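[1] Quick one: sequence plus predicted model below, questions after.
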Amino acid sequence: MPPSSGISGPPVIQAAVKVDPHEESDDELAHGSPAPLNSRLLEGLIDGLVATGLALVTALIMPDILDKLALVISIAYMMTRDSLPFLKGQSIGKTAMKLKVVKKDGSDLVGDWSTGIIRNILFVIPFFGPLVEAIILITRDSKPENGLRLGDDLAKTKVVVWRPDESAEGD
């Protein structure tokens, strides 16, 4: 062990990083604020993986009987994921990313099947629907309709940051 000379090592170089004061990190986003683009895209990917997993598990359990049912279950999840009461109106991807779909008046979609289906109808079109929705989200990212995809426009909904512990404090 070398003797301690009181010098802690080579000098540390610190880089100055210019931070946009209007840009918030995901940790700083307030409850109810519009969901950031990266979180929206990641939650969509997670939900797509969940739907694929549901289809695969269903097809593996009874391959001769449930081949077509596997596809129906996958589509049903994608169409109703934001209205499912046992998930409290949050899809698995939205729960993971701390997001929630709400109507323009702020009410949630729990059990509101028609609104949930309307906002997700484009996901029935394989590959094309999700691709169009992702492109819309990306192109609207810095515009007034930030965070709204076509499904949100149709169903009059929006996706917001959802931190249940913060909403309970305000009540």
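    Perfect, I can see it now. Numbering: from 1, shown residues only.

[2] most centrally placed residue in this structure?
    With distances taken as Cα atoms, centre = their mean, Glu43 lies nearest the centre of the chain, 3.2 Å away.

[3] so which strand or helix has it?
    Using DSSP states H and E, Glu43 sits within helix 37-61.

[4] And that helix, what does it pack against?
    Contacting helix 37-61 under the criterion 3 or more Cβ pairs under 8 Å, 6 or more residues apart in numbering; DSSP states H and E are the following elements: helix 67-80, helix 92-97, strand 99-103, helix 128-139. (C-beta placed from N, C-alpha, C; glycine too.)

[5] Now the residue nearest to the centre of the chain: closest residue in space, sequence neighbours ignored.
    Distance criterion Cβ to Cβ, 6 or more residues apart in numbering; nearest residue to Glu43, sequence neighbours excluded, is Gly93 at 3.6 Å.

[6] Could you check how far the one you found is from Gly48?
    8 Å (Cβ to Cβ, to the nearest Å).

[7] Check Leu37 too.
    17 Å.

[8] Tell me, how many residues neighbour the residue nearest to Glu43?
    When neighbours are counted by other Cβ atoms under 10 Å, Gly93 registers 21.

[9] Same question for Thr139.
    So Thr139, with other Cβ under 10 Å, has 10 neighbours.

[10] Repeat that for the one 5 residues further on.
    Other residues within reach of Pro144 by the criterion other Cβ under 10 Å amount to 6.

[11] next one: Val110
    15.

[12] Just list the residues touching the closest residue to it other than its chain neighbours, thanks.
    In space, and not counting its chain neighbours, Val110 is closest to Gly89: 3.9 Å by Cβ to Cβ, 6+ apart. Residues in contact with Gly89 (Cβ atoms under 8 Å, 6 or more residues apart in numbering) are Asp82, Ser83, Lys100, Val101, Asp108, Leu109, Val110.

[13] wait, which of those residues is closest to Glu145?
    Nearest to Glu145 among the contacts of Gly89: Val101, at 15.8 Å, using Cβ to Cβ.

[14] any low-confidence regions in this protein?
    1-28, 65-66, 166-171 (pLDDT under 70).

[15] angle of the helix holding Glu43 against helix 67-80?
    Calculated by axes from the mean of the first three to the mean of the last three Cα atoms, to 10 degrees, helix 37-61 forms an angle of 160 degrees with helix 67-80.
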